[in-house]
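Student: how would this look folded up:
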Amino acid sequence: MNLKTAAAISCFALAVGYPAVSPAQESGIAVGTKGPSARVQGLDGKTRDIGAYVGKSPMLIEFWAFWCPNCKELEPTLLKLQTKYGSKVKFLGVAVSVNESLERVKTFTARHGYRHETVFDAFGEATEAYDVPATSYVVILDRTGKVVYTGLGGKQDLETAIKRVL
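Tutor: Numbers count the residues shown, from 1 in each chain. Take a look at the predicted model:
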């Protein structure tokens with residue numbers, strides 16, 4: 001099964017109520033590992049490396065899609081947390097490439113007034129490097145670049161995880 005098919009299946013499973021990641025973390029990047037590098041595309045079309053941000057400050061990465069209901073549910077929480085902690089934590093939105101394009105992501109983020117940096121996983125490298133089980137997947141890294149939290153779904157206690165890395 002290819003990565004796009006696996007991501008689509010996982011998103012469907014979440015939408016109908018089947019968890020893709022259990023509290024014991026059966027998938028996704030392992031807590032305690034260093035956040036890996038991965039090529040992504042900036043909304044300006046230029047290639048970037050997520051690894052360039054890792055280890056500079058605490059960081060929250062959300063893998064999302066505009067068609068994902070769990071992402072829409074999580075969005076107000078993320079925007080509130082960015083307002084509260086954005087000066088201390090790097091917020092990065094990674095739009096997955098399943099059923100999306102760079103232009104559609106640019107239009108969506110502009111319409112919704114996103115202030116955090118958003119990139120497009122045009123090459124699928126970030127989704128693969130972070131072992132993303134589905135959209136609405138969040139990874140929080142401490143200031144050394146170590147993964148301290150992973151979570152999935154529209155309801156996550158992200159503030160507690162952020163406070164641990166400050």
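Student: tell me which element the residue nearest to the spatial centre of the chain falls in.
Tutor: Centroid-nearest residue in the chain, with Cα atoms, centre = their mean: Glu62, separated by 1.8 Å. Using DSSP states H and E, Glu62 maps to strand 59-64.
Student: and that strand, what does it pack against?
Tutor: Packing partners of strand 59-64 (3 or more Cβ pairs under 8 Å, 6 or more residues apart in numbering; DSSP states H and E): helix 69-85, strand 90-95, strand 137-141. Yep, even glycine has a C-beta here, placed from its N, CA and C like the rest.
Student: repeat the analysis, applying 10 Å as the threshold.
Tutor: Applying 3 or more Cβ pairs under 10 Å, 6 or more residues apart in numbering; DSSP states H and E, one finds that strand 59-64 makes contact with helix 69-85, strand 90-95, strand 117-120, helix 125-129, strand 137-141, strand 147-152, helix 158-165.
Student: tell me how far the first one lies from the chain's centre.
Tutor: If I follow you right, that is helix 69-85. Remark: helix 69-85 is offset 12 Å from the chain centroid, using Cα atoms, centre = their mean, to the nearest Å.
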